[in-house]
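K.L.:
model this:
(chains A and B)
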2 protein chains.
Amino acid sequence: MILTVTLNTALDLTYGVPALVPHSSHRVTDLSERPGGKGVNVARVLTALGHESVVTGFAGGATGAVLRELLAALPAPVTDALVPVAGDTRRTLAVVDRATGDTTQFNEPGPQVTAAEWTAFLRSYGELLTSADAVALCGSLPPGIHVGAYAELVRLARTAGVPVLLDTSGEPLRRGIAARPDLIKPNADELAQLTGSREPLRATRDARRRGAHAVIASLGPDGMLAVTPDGVWQAAPPAPVKGNPTGAGDSAVAGLLSGLVEGLSWPDRLRRAVALSTATVLAPTAGDFDRAAYEELLPRVAIEEHAPGAA
Amino acid sequence: MILTVTLNTALDLTYGVPALVPHSSHRVTDLSERPGGKGVNVARVLTALGHESVVTGFAGGATGAVLRELLAALPAPVTDALVPVAGDTRRTLAVVDRATGDTTQFNEPGPQVTAAEWTAFLRSYGELLTSADAVALCGSLPPGIHVGAYAELVRLARTAGVPVLLDTSGEPLRRGIAARPDLIKPNADELAQLTGSREPLRATRDARRRGAHAVIASLGPDGMLAVTPDGVWQAAPPAPVKGNPTGAGDSAVAGLLSGLVEGLSWPDRLRRAVALSTATVLAPTAGDFDRAAYEELLPRVAIEEHAPGAA
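P.N.:
Below is the predicted model:
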């Protein structure tokens, strides 16, 4: 199975309003709730790809209970190995202006996690690693978790011999890279924050020198740039697409991780990651992917290998 | 005891954000949850005034469960006689821009209430009326409840000999008035919608002719105008105040209803209602009232009686 870790899980709410007018009162015309947090999204896509996936992290309070109910009710359920906390799981709210399609996002900070809860999580994580083929560490840290938490989780995975992908940002990413994860998947902003450079190849190489074995930079509509021990590749969708990019990065993580577990070549992993993230932008529901679009895109992703000397 | 009915109860969330910027992502810096819906607010103020209060209406789903927990945990708890529904109790969200203090409000519609649930409510309501000294019918109707619902509840209260106050708007108010409630408390907008007039005395008299025994119009910072069988009074705070008007109308309802049950004169009821609503605007927490301000304001509310001929 593939393990995904989401320390700051969320109940993702979407409110549709006829038009967003600041400082006024709005009738919510449509609303939806879904289980969220990056690792939860990754697990959903993995399950859709036919991989058994297990979700861990924290869940607590009334919102945590709803999150777990919704996880159990998914059409292709992921295995819930979330660790209980006393605090309340956070909500995220996307307010969608139905006139323009524009989204305004509000993210609660998440529960205060205690030292005892973190210790309970580490115990559970260690047990789950014994049966994991790969692990993804995803998203922000909730309050109370030390900034080196991902570095600790990367080391534990490496000690257990489980390939580990880290998808976070800021100081947790900086610290996590130093623990030498197999893979990181930063976007352009995260790379720039880490390396100070907005030049993709230069920033991606710099990120790799900091400790990650492979760096797959997601460049939005331009696809992905992979700097790996086996070479450097650029992968791009056949044409730019319009849609909602929410969850596109999580779908890419699922593509990379499933490809790794299946022993695919780097070009094939990148093809899958780019096709999945593009098919996520195209899906009518934020965070889902359009399977027909995915299958149609897969053979049409353009892969370009950089000359070995250039890498 | 005093019974308050809130057919569309709510969990009231408040999100503080550093500044509201439409179409961007916001970190919620502070958040609070409180049990809400107009009748719930009225009951809280009644309890603070020393009256036993009982809350009925509907509660359901995960949000309804949180609402009931918060009700039970109030410092001066109100009695929970809410009737269960299968649907989810709604949330309301106030996003407060901490830079300017401006509030942007989002209101979920509320659960779909079935005919069987409405019947269960009517049975419970009838039982509660047998021990009620007065009843307040408050707020909007959830989906599935017929527009004449308040008219039905007014009639049942009158048949039971229980004085009934109706505080709603639109068509439910129009229908409800025709059932001859003892008291309605519209604000200027609700009066204008009902009568087509924005001239306070004219609109208030017109509302009374439609069936209400007494009409207490809340005129915001200008206080209240009461058109009753015993005379016409205007009541105003000693000076305009600045603050958050959320819940001021509910505090006024609690003032009017407690004064009725205690057998106070109209001028004393109005003094209490105006002092309470002004003290609610002044309170640091939306919907609470500032007790010291209330006691200081009470003897200073200005009451002016209109000459009998003019009524």
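K.L.:
burial measure for whichever residue of the stretch 151-300 of chain A sits closest to chain B, as a count.
P.N.:
In the stretch 151-300 of chain A, the residue that lies nearest chain B is A:T246 (10.9 Å; C-beta to the nearest C-beta). For glycine as for every other residue, the C-beta is placed from the backbone atoms N, C-alpha and C. By other C-beta atoms under 10 Å in any protein chain shown, the residues close to A:T246 number 21.
K.L.:
correct me, but it touches A:G287?
P.N.:
Yes - if you go by C-beta atoms under 8 Å, A:T246 and A:G287 touch, sitting 5.6 Å apart.
K.L.:
need the contact list for A:P221.
P.N.:
A:237, A:240-241 (C-beta atoms under 8 Å, 6 or more residues apart in numbering or on different chains).
K.L.:
list the buried ones in stretch A:88-101?
P.N.:
Neighbour-count burial for stretch A:88-101, counted by 16 or more other C-beta atoms under 10 Å in any protein chain shown, picks out A:88-97.
K.L.:
residues of the stretch 101-250 of chain A that sit close to chain B?
P.N.:
With the criterion set to C-beta under 8 Å from any C-beta of the partner chain, the stretch 101-250 of chain A comes near chain B through A:102-109.
K.L.:
the same query, at a cut-off of 10 Å, please.
P.N.:
A:101-109 (C-beta under 10 Å from any C-beta of the partner chain).
K.L.:
quick one, helices of the stretch 1-150 of chain A?
P.N.:
According to DSSP state H, counting those that start in this stretch, the stretch 1-150 of chain A carries its helices in the segments A:38-48, A:61-72, A:115-129, A:149-159.
K.L.:
joint contacts of A:T246 and A:G287?
P.N.:
When C-beta atoms under 10 Å, 6 or more residues apart in numbering or on different chains defines a contact, the residues bordering A:T246 and A:G287 alike are A:12, A:14, A:36, A:41, A:280.
K.L.:
I'd like those residues as a markdown table, with pLDDT appended.
P.N.:
Listed next are the shared contacts of A:T246 and A:G287 as a markdown table, based on pLDDT from 0 to 100:
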| residue | pLDDT |
| --- | --- |
| A:D12 | 94 |
| A:T14 | 94 |
| A:G36 | 94 |
| A:N41 | 96 |
| A:T280 | 94 |
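K.L.:
quick revisit: top of the contacts of A:P221 by number of neighbours, please.
P.N.:
Of all those, A:P237 has the most neighbours under the rule other C-beta under 10 Å, reaching 21 neighbours.
K.L.:
in the stretch 51-200 of chain A, what residue lies closest to chain B?
P.N.:
A:Q105 (4.0 Å).
K.L.:
what sits against that residue?
P.N.:
A:Q105 neighbours (C-beta under 10 Å, 6+ apart): A:92-96, A:246, B:23-27.
K.L.:
quick one: it and B:D102, what's the gap?
P.N.:
19 Å (C-beta to C-beta, to the nearest Å).
K.L.:
same check, this time on A:A116
P.N.:
41 Å.
K.L.:
of the two, which one has the most company?
P.N.:
Between A:A116 and B:D102, B:D102 has the larger neighbour count (other C-beta under 10 Å), namely 14 against 10.
K.L.:
assign the residue of the stretch 151-300 of chain A closest to chain B to helix, strand or coil.
P.N.:
Classification of A:T246 using DSSP: H, G, I helix; E, B strand; the rest coil returns coil.
K.L.:
go on, the one 10 residues further on?
P.N.:
Following three-state DSSP, we place A:L256 in the helix state.
K.L.:
pretty sure A:L74 is touching A:R44, no?
P.N.:
Yes - applying C-beta atoms under 10 Å as the test, A:L74 and A:R44 come out as touching, 6.8 Å apart.
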